[in-house]
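1. Let me see the structure of the following:
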Amino acid sequence: MKRPQDAMKAAYTLQGFATTFYAVFAAVTYVYLGNTVGSPSFGSLDSKWAKAAYGIAIPNFLIAGSLYSHTASKLLFVRIFRRSRHLHSHTVAGWVTWAALIVIMNGAAFVLAVGVPIFNYLIGIAASLFAAWFTYGLAGMFWLHDSYHDGNGIHTWRRKWFQSGLAFSTVIAGAFICVAGMYVTVRAIVEAYQSGAVASPFAC
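-> Prediction:
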């Protein structure tokens, strides 16, 4: 970064825009759709508006899907060719392996998304187990750990009482979302099977 002192300005600006956008979007969605909102939320719109929303969202789906498949492929590629010239040089073996990994990762994602009849619920389970901690719990844990070891232990927590309280709150929030989210999702899976709402694999 050309001016490292601007790092926090950028972070605050990003967080401010992200928080505002998510809050406004969630409020508008629940005002007009209520508790009948589907997943994704614009799937609950009228057919005309849903098609328009999906059309606008397609680039985001492609970028996000490519990002995740690329990350998984890169992880395996590095593990396969670690300490090998294929990792950094343009070789036939390297390119063939990379192309094969991309196809395999996207194929696996397709099978999971279409072949698993409770895929939406699996997303809820994954979000409860991991996203709750990555977005809330770990941030608080990291701050508490760094302030404790880089500062004066518990005295630092007492001196910076507001930051400490905020960090503890995010840890508690992450734990609550994890447990409550898992409970709600598992209960929804049970109710979906009992009501016959779960389709067969590859039903689409």
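2. show me where the protein has helices.
-> 7-33, 47-81, 92-115, 119-126, 132, 138-150, 154-159, 161-195 (DSSP state H).
3. any idea how far the residue nearest to the spatial centre of the chain is from H149?
-> Most central residue of the chain, judged by C-alpha distance to the mean C-alpha position with Cα atoms, centre = their mean, is A131 at 5.5 Å. Summarising the geometry, the distance separating A131 from H149, computed by Cβ to Cβ, to the nearest Å, is 27 Å. Quick note: C-beta positions are derived from backbone N, CA and C, even for glycine.
4. again with L138
-> 16 Å.
5. These two - which one has more neighbours?
-> Neighbours per residue, other Cβ atoms under 10 Å: of L138 and H149, the larger number sits with L138, 16 against 9.
6. Is that one in contact with G174, as I believe?
-> Yes: because the distance of 7.4 Å satisfies Cβ atoms under 8 Å, L138 is recorded as touching G174.
7. Could I get the average pLDDT for stretch 129-147?
-> In this model, stretch 129-147 carries a mean pLDDT of 89.
8. domains of the protein?
-> With domains defined by automatic domain parsing, the chain comprises 1-37, 47-115, 117-204.
9. end to end, how far does the second one reach?
-> I take that to be domain 47-115. As for domain 47-115, its first-to-last residue distance stands at 25 Å under the measure Cα to Cα, to the nearest Å.
10. Next one, pLDDT for A203 please.
-> Confidence at A203, expressed as pLDDT, is 67.
11. ok, G124 - how many residues close by?
-> Burial of G124, expressed as a neighbour count using other Cβ under 10 Å, amounts to 20.
12. In space, what's closest to H86 - neighbours in sequence excluded?
-> Nearest in space to H86, with sequence neighbours left out and distances taken as Cβ to Cβ, 6 or more residues apart in numbering, is G94 at 3.9 Å.
13. how close does the one you found get to I125?
-> Note on G94: its distance to I125, by Cβ to Cβ, is 36 Å.
14. more neighbours, these two?
-> For G94 versus I125, the count of surrounding residues by other Cβ under 10 Å is larger for G94: 18 against 15.
15. Sketch out the low-pLDDT regions of the protein for me.
-> For the chain, the stretches with pLDDT under 70 are 1, 39, 203-204.
16. which residues does G181 contact?
-> Residues counted as contacts of G181 (Cβ atoms under 8 Å, 6 or more residues apart in numbering) are 124-125, 127-128, 132.
17. what's the neighbour count on the residue lying closest to A175 once chain neighbours are set aside?
-> Once its chain neighbours are removed from consideration, A175 has its nearest residue in G137; the separation is 6.4 Å (Cβ to Cβ, 6+ apart). The tally of other residues near G137 (other Cβ under 10 Å) stands at 19.
18. Please tell me how far G137 sits from Q15.
-> When Cβ to Cβ is the yardstick, G137 and Q15 sit 17 Å from each other.
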